[in-house]
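S.K.: Structure for this input, please:
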Amino acid sequence: MTTTLGLIKEWQQALQNEILHLKKFGSNKFIVKNGRLLSYEGNAAYYFETAVSIKIPIGSSIRLDWGSMNHKGPYFTIRGSCLNS
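M.R.: Predicted structure coming up:
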């Protein structure tokens, strides 16, 4: 018989395994285009268009690559718009 505490520990281990996998292998890549600077108040916020609707959890870390340049930052959305600060 599995106890509640046992299930919680198993769930925590599964989450830890998922986190380690994403850190090691990354996740999905999406092509974005028509980037526009929305504001620059300490941090830059950009809007990008995508060919298809994508769902990214708010607070996810993202990386933008353009040629040999790349930039990392948090992802958040406002009114369905993708912003990177």
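S.K.: can I assume Glu10 sits in a helix?
M.R.: Yes: assessed by DSSP: H, G, I helix; E, B strand; the rest coil, Glu10 belongs to a helix.
S.K.: What is the burial count for it?
M.R.: 11 (other C-beta atoms under 10 Å). For glycine as for every other residue, the C-beta is placed from the backbone atoms N, C-alpha and C.
S.K.: pLDDT wise, what is it at?
M.R.: pLDDT recorded at Glu10 is 94.
S.K.: Give me the nearest residue to the residue nearest the centre of the chain, chain neighbours excluded.
M.R.: Centroid-nearest residue in the chain: Ser60, 3.1 Å away (criterion: C-alpha atoms, centre = their mean). Nearest residue to Ser60 in three dimensions, chain neighbours excluded: Tyr75, at 4.8 Å (C-beta to C-beta, 6 or more residues apart in numbering).
S.K.: Which strand residues bridge that neighbour?
M.R.: Asn84 (DSSP bridges).
S.K.: Could you verify my assumption that it touches Ile62?
M.R.: Yes: here Tyr75 lies in contact with Ile62, judged by C-beta atoms under 8 Å, at a distance of 4.6 Å.
S.K.: Just checking the distance from the helix or strand containing Ile19 to the centre of its chain.
M.R.: Take DSSP states H and E as the rule and Ile19 turns out to sit in helix 4-25. With C-alpha atoms, centre = their mean, to the nearest Å as the basis, helix 4-25 stands 19 Å off its chain's centre.
S.K.: what helices or strands is the helix or strand hosting Phe48 leaning on?
M.R.: According to DSSP H and E, Phe48 maps onto strand 43-50. In terms of contacts (3 or more C-beta pairs under 8 Å, 6 or more residues apart in numbering; DSSP states H and E), strand 43-50 is packed against strand 32-41, strand 81-84.
S.K.: Following it in sequence, what is the next regular element?
M.R.: strand 61-66.
S.K.: The residue nearest to the centre of the chain and Pro74, how far apart?
M.R.: From Ser60 across to Pro74, the span is 7 Å (C-beta to C-beta, to the nearest Å).
S.K.: Ok, Ile58 next?
M.R.: 9 Å.
S.K.: Over to Lys29?
M.R.: Relative to Pro74, and taking C-beta to C-beta, Lys29 is found at 18 Å.
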